[in-house]
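Q: how does the following fold in three dimensions:
(chains A and B)
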Amino acid sequence: SQTIHQWPATLVQPVGSPLSLECTVEGTSNPNLYWYRQAAGRGLQLLFYSVGIGQISSEVPQNLSASRPQDRQFILSSKKLLLSDSGFYLCAWSQGFSGGELFFGEGSRLTVL
Amino acid sequence: AQTVTQSQPEMSVQEAETVTLSCTYDTSESDYYLFWYKQPPSRQMILVIRQEAYKQQNATENRFSVNFQKAAKSFSLKISDSQLGDAAMYFCAYRSATNDMRFGAGTRLTVKP
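A: Have a look, this model is predicted:
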């Protein structure tokens, strides 16, 4: 069966520090991968999605970036965090764009101080 | 661009009673999919129910059912025999056959014992 894991679960970082959140999927190949951000009490905002290795589409211009070095690995990064980067980050995967559901990881809570 | 609107930020229901959560969406496409996700306090998103737009029959999953009105672009979720474990944030989501998933702002459901 397919599983998705993301880490770390909780992160507290000072303003200006770098960020790396990692997500891996097991039990499937060539998945579509997504990074969403959820601000407190808000809905989910799509940040990045990827349909293959090295292929990244950005939805929102900001100081975050994403990379997909391997088929089932998706990384969210920042060189210098801002206070506004605080939030709950969710990684998800789906099998193509066939209209199927997204399967979500456990989430990573980032607090920037 | 497709948008998803959930007009009820908060709802409450008495245990064992029925509650309906509202969702409307805006799209010009004819082929798409609609979803309801549940986000309990653990924060991991869980798929509740899914509806294909080409199907006229409303989807049901045990105590969960939808009222899909394609012409009105409405997709409400009905929870029957509400249980304490149903308390969570509920997100309505839209996905076209060729694109990523868009979420509403969510409805926080409280279940009173």
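
Q: ends of stretch A:12-24, how far apart?
A: 22 Å (CA to CA, to the nearest Å).

Q: what of stretch A:92-109?
A: 15 Å.

Q: do stretch A:43-60 as well
A: End-to-end distance for stretch A:43-60: 15 Å, by CA to CA.

Q: swap in stretch B:27-40?
A: Span of stretch B:27-40 from end to end, CA to CA: 29 Å.

Q: ok, and does it reach over to chain A?
A: Yes - using CB under 8 Å from any CB of the partner chain, we find that stretch B:27-40 touches chain A at B:Asp31, B:Tyr32, B:Tyr33, B:Phe35. Backbone N, C-alpha and C define where each C-beta goes, glycine included.

Q: lowest-confidence entry in those residues?
A: Across the set of the residues of stretch B:27-40 next to chain A, B:Asp31 stands lowest in pLDDT, at 86.

Q: that one contacts B:Lys70, correct?
A: No - using CB atoms under 8 Å, B:Asp31 is not in contact with B:Lys70; the gap is 11.5 Å.

Q: compare those two and say which one has the larger neighbour count.
A: B:Lys70 (15 against 12; other CB atoms under 10 Å in any protein chain shown).

Q: how confident was the prediction at that one?
A: 94.

Q: again, but for the one 4 residues further on
A: Looking at B:Ser74, its pLDDT reads 96.

Q: grab the nearest non-local neighbour of it.
A: Nearest non-adjacent residue to B:Ser74, counting by CB to CB, 6 or more residues apart in numbering or on different chains: B:Thr24, 5.3 Å away.

Q: same question, A:Gln45
A: Of all residues not flanking A:Gln45 in the chain, A:Arg37 sits nearest, at 5.0 Å (CB to CB, 6+ apart).

Q: now swap in A:Leu46 and tell me
A: A:Glu59 (4.7 Å).

Q: and the one you found, what does it touch?
A: Contact analysis of A:Glu59 by CB atoms under 8 Å, 6 or more residues apart in numbering or on different chains lists A:Gln45, A:Leu46, A:Leu47, A:Phe48, A:Tyr49.

Q: now, those that are in strands?
A: A:Gln45, A:Leu46, A:Leu47, A:Phe48, A:Tyr49 (DSSP state E).

Q: put together a markdown table for those residues, with pLDDT and neighbour count on each row.
A: Listed next are the ones in strands among the contacts of A:Glu59 as a markdown table, based on pLDDT from 0 to 100; neighbours: other CB atoms under 10 Å in any protein chain shown:
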| residue | pLDDT | neighbour count |
| --- | --- | --- |
| A:Gln45 | 89 | 15 |
| A:Leu46 | 90 | 18 |
| A:Leu47 | 93 | 19 |
| A:Phe48 | 93 | 23 |
| A:Tyr49 | 90 | 24 |
